[in-house]
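Participant: got a predicted structure plus its sequence, pasted below:
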Amino acid sequence: MILQDKLGEDADTFYKALISAHEGLTEAQSHTLNARLVLMMANQIGDLGMLIDIFETALQDLPD
């Protein structure tokens, strides 16, 4: 699966908002926030096949 850039010019704004949401959190809180975000975004996507493809794509080339 090749992910399409659907954010366009808003990608930087999204990234800044994501980083800002983590500011001041402990590592455990940050992990909890990420887990919540994944579940909420998955619910919004709602397509199991697409979600599985996204997981497989995200797992590619992980650092050791």
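Facilitator: That came in fine, so what should we check first? Numbers count the residues shown, from 1 in each chain.
Participant: all helices of the chain, in order?
Facilitator: 11-22, 27-45, 48-59 (DSSP state H).
Participant: quick one, which of these is nearest to D5?
Facilitator: Closest to D5 of those is helix 11-22 (CB to CB; 6.9 Å). For the C-beta atoms, the positions are set from N, CA and C on the backbone; glycine is no exception.
Participant: tell me the angle of the closest one relative to helix 27-45?
Facilitator: If you take axes from the mean of the first three to the mean of the last three CA atoms, to 10 degrees, helix 11-22 sits at 130 degrees to helix 27-45.
Participant: pull the residues that contact helix 11-22.
Facilitator: With contacts defined as CB atoms under 8 Å, 6 or more residues apart in numbering, helix 11-22 is touched by D5, L7, S30, L33.
Participant: quick one, what contacts the residue nearest to the spatial centre of the chain?
Facilitator: With distances taken as CA atoms, centre = their mean, the residue of the chain nearest its centroid is V38 (5.9 Å). V38 sits next to no residue when contact means CB under 8 Å, 6+ apart.
Participant: alpha carbons of stretch 34-49, as PDB, please.
Facilitator: The C-alpha trace of stretch 34-49 is given here as PDB (Å, rounded to 0.1, in the frame of the first residue of the first chain):
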ATOM      1  CA  ASN A  34      -0.900   7.800  20.900                       C
ATOM      2  CA  ALA A  35      -2.900   4.700  21.600                       C
ATOM      3  CA  ARG A  36      -6.100   6.700  22.000                       C
ATOM      4  CA  LEU A  37      -5.400   8.600  18.800                       C
ATOM      5  CA  VAL A  38      -4.800   5.400  16.800                       C
ATOM      6  CA  LEU A  39      -8.100   3.900  18.100                       C
ATOM      7  CA  MET A  40     -10.000   7.100  17.400                       C
ATOM      8  CA  MET A  41      -8.600   7.500  13.900                       C
ATOM      9  CA  ALA A  42      -9.200   3.900  13.100                       C
ATOM     10  CA  ASN A  43     -12.800   4.300  14.100                       C
ATOM     11  CA  GLN A  44     -13.000   7.300  11.800                       C
ATOM     12  CA  ILE A  45     -11.500   5.300   8.900                       C
ATOM     13  CA  GLY A  46     -13.800   2.400   9.500                       C
ATOM     14  CA  ASP A  47     -12.300   0.200   6.800                       C
ATOM     15  CA  LEU A  48     -10.700  -2.900   8.300                       C
ATOM     16  CA  GLY A  49      -8.800  -3.800   5.100                       C
END
